[in-house]
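Colleague: only geometry, no sequence info:
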């Protein structure tokens, strides 16, 4: 799962590295804005992955039915997203404080990326099913293949054909299509029983919501909490990007590089969280508290060890990591000046990732929603407001405290539920 997750931010990191070596920062700034917006729009529906994982893990016998419901919901939401977002793109880019030079590149990027929105959301559902079935190899194959294709197309379209932001977007669309096709193939090849169940359930009249509403209500209940939680998360990261954009293209580009590195560390640490989702869900489904406790303890120790290792690599590797992303002096200065924040974040954020996995696996989505709301509304936004005079340093301080509040809030919930034995 760690290898699988690291390939996800690699897609954005390659875009950043290739564009960061072009002659002007406006290309990198435009794609940074576009990528931030597309992440907000698509990852707002990341509940399709998280919700599917928990439901399949807790009830593996009905995994095919949960996957089909998630795929139907993904196709509907993806089509609606494409239809609604296209007319609003100029307003969205303007809200992101894009400069006059970067705005056209951001709009071009978004118009193309939204074409694959239904496929991207369907991929969330497929990955959620694989993880819920404790199949970590299929997500690895899907994500590695998709991102290798993205890297090759980035080099060809951006550098070879000089397509700039449009080339980065078409490369990502192709990666989404590749992931969906390969995911479907692996579903048929490795989960023959689930595939047959999928075909059987799709013909079963009681599957559809007007015949049997309760499973759909359960799916919507869990996914609504996760949707709100993910929207708050993406609002924070998008707001962070927008405030950096208001300080100029160099600050925006420098923050984009640090955020790409943060995403790589986050997705790597999320590998333990995703494994925890499946194992905790299985333990809850079997009402096996010893298995639950062993899973939480082992995953927590390994996640902390990984966070320490990541921090050590970041601390010792600054002089060779940052030049991989850009050779523009102004952008490099911004990234180097705020690099210490990046080094400190893995040790704080690891607990929010790990406990997210516990609560997703246990189906406790409301607690995740409430913690994210408190961290965003009562910590991040007030801190940004009172530290505006410190410019980019204030923005990074706000992000650091936001991660700290998320970790602390989930720890309080975990302690309370464990003491009261509310997991089962």
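Modeller: Ah, there it is. If you're wondering where the values come from, they're calculated on a predicted model, not measured in any experiment.
Colleague: right, and residue 328 touches residue 253 too?
Modeller: Yes. Under the criterion of C-beta atoms under 8 Å, residue 328 is in contact with residue 253, at a separation of 7.2 Å. C-betas here are computed from N, CA, C, even on glycine.
Colleague: Neighbour count for the two, which is higher?
Modeller: Shown here are residue 328 and residue 253; by other C-beta atoms under 10 Å, residue 253 has more neighbours (31 against 21).
Colleague: And the pLDDT at the more buried one?
Modeller: Note on residue 253: pLDDT of 84.
Colleague: Now do the buried residues in the helix or strand harbouring it.
Modeller: Of the helices and strands defined by DSSP states H and E, residue 253 is found in helix 249-286. Going by neighbour count (16 or more other C-beta atoms under 10 Å), the buried part of helix 249-286 is 249-285.
Colleague: swap in stretch 382-395?
Modeller: 383-384, 387, 392, 394-395.
Colleague: Mind picking the two most distant members of the residues you listed?
Modeller: 383 and 392 (13.7 Å; C-beta to C-beta).
Colleague: before we move on, back to that, what's the spacing between the helix holding residue 253 and its chain's center?
Modeller: 7 Å (C-alpha atoms, centre = their mean, to the nearest Å).
Colleague: so what does the following helix or strand past that helix touch, helix or strand wise?
Modeller: Proceeding N to C from helix 249-286, the next assigned helix or strand is helix 289-316, under DSSP H and E. Judged by 3 or more C-beta pairs under 8 Å, 6 or more residues apart in numbering; DSSP states H and E, the packing partners of helix 289-316 are helix 249-286, helix 339-361.
Colleague: Give me the contact list for the following helix or strand past the shortest one.
Modeller: Okay, so that is helix 339-361. Reading on from helix 339-361 to the C-terminus, the next helix or strand found by DSSP H and E is helix 365-374. Applying C-beta atoms under 8 Å, 6 or more residues apart in numbering, the contact partners of helix 365-374 are 51, 221-222, 225-226, 228-229, 232-233, 356, 359-360, 405-406, 409-410, 413, 417.
Colleague: Just the buried ones from those?
Modeller: 51, 222, 225-226, 228-229, 232-233, 356, 359-360, 405-406, 409-410, 413, 417.
Colleague: Which of these fall in helices?
Modeller: Counting by DSSP state H, those place 51, 222, 225-226, 228-229, 232-233, 356, 359-360, 405-406, 409-410, 413, 417 in helices.
Colleague: Isn't residue 139 up against residue 132?
Modeller: No. Contact status for residue 139 versus residue 132: not in contact, 11.0 Å apart, counting by C-beta under 8 Å.
Colleague: where's residue 74 relative to residue 52, distance?
Modeller: Going from residue 74 to residue 52 by C-beta to C-beta, to the nearest Å gives 9 Å.
Colleague: which residues do those two both contact?
Modeller: With C-beta under 8 Å, 6+ apart, residue 74 and residue 52 have common neighbours 124-125.
Colleague: Name the residue in those two with the higher neighbour count.
Modeller: Using other C-beta under 10 Å as the criterion, residue 74 and residue 52 rank with residue 52 on top: 30 against 24.
Colleague: Next up, the contacts around the more buried one.
Modeller: 66-67, 70, 124-125, 128-129, 132.
Colleague: between these, which is nearest residue 109?
Modeller: residue 124 (20.7 Å).
Colleague: what's the helix or strand for that closest one?
Modeller: Going by DSSP H and E, residue 124 is part of helix 117-132.
Colleague: State the distance from the residue lying closest to residue 325 once chain neighbours are set aside to residue 391.
Modeller: In space, and not counting its chain neighbours, residue 325 is closest to residue 257: 4.5 Å by C-beta to C-beta, 6 or more residues apart in numbering. According to C-beta to C-beta, residue 257 and residue 391 sit 17 Å apart.
Colleague: how far away is residue 399 from residue 303?
Modeller: 20 Å.
Colleague: likewise residue 168?
Modeller: 32 Å.
Colleague: Neighbour count for these two, which is higher?
Modeller: Neighbours of residue 168 and residue 303, each counted by other C-beta under 10 Å, are more numerous for residue 168; the result is 33 against 26.
Colleague: Could you double-check that that one lies in contact with residue 31?
Modeller: Yes. Taking C-beta under 8 Å as the definition, residue 168 is a contact partner of residue 31 at 5.4 Å.
Colleague: which is the next helix or strand following the helix holding residue 124?
Modeller: helix 137-154.
Colleague: which outside residues touch stretch 336-349?
Modeller: Here stretch 336-349 has contacts from 254-255, 258, 261-262, 265-266, 269, 307-308, 310-311, 314-315, 318, 322, 392-393, 396-397, 399-400, 403-404, 406-407, using C-beta under 8 Å, 6+ apart.
Colleague: Apply 7 Å and report the result again.
Modeller: 258, 261-262, 265-266, 269, 307, 310-311, 314-315, 318, 322, 392, 396, 400, 403-404, 407 (C-beta atoms under 7 Å, 6 or more residues apart in numbering).
Colleague: So which bits of it are buried?
Modeller: 338-339, 341-343, 345-346, 348-349.
Colleague: thinking again about what came up before, assess the claim that the residue nearest to residue 325 and residue 334 are in contact.
Modeller: No. With contact defined as C-beta atoms under 7 Å, residue 257 does not reach residue 334; the gap is 8.4 Å.
Colleague: any weak-confidence spans in this structure?
Modeller: 4-17, 19-28, 36, 40, 60-62, 97-98, 194-214 (pLDDT under 70).
Colleague: which of the residues in stretch 30-44 are buried?
Modeller: 30-44.
Colleague: cool, stretch 70-85 as well?
Modeller: 70-74, 77-78, 81, 85.
Colleague: now, among those residues, which is nearest to residue 174?
Modeller: Nearest to residue 174 among those: residue 78, at 16.7 Å, using C-beta to C-beta.
Colleague: Let me know the helix or strand that that closest one is in.
Modeller: Going by DSSP H and E, residue 78 is part of helix 63-85.
Colleague: Which strands or helices does that helix pack on?
Modeller: Applying 3 or more C-beta pairs under 7 Å, 6 or more residues apart in numbering; DSSP states H and E, one finds that helix 63-85 contacts helix 47-58, helix 117-132, helix 192-202, helix 214-245.
Colleague: what's the farthest-apart pair in the contacts of residue 52?
Modeller: 66 and 124 (13.2 Å).
Colleague: what's next to stretch 226-234, contact-wise?
Modeller: 39-40, 43-44, 46-47, 50-51, 365, 368-369, 372-373, 376.
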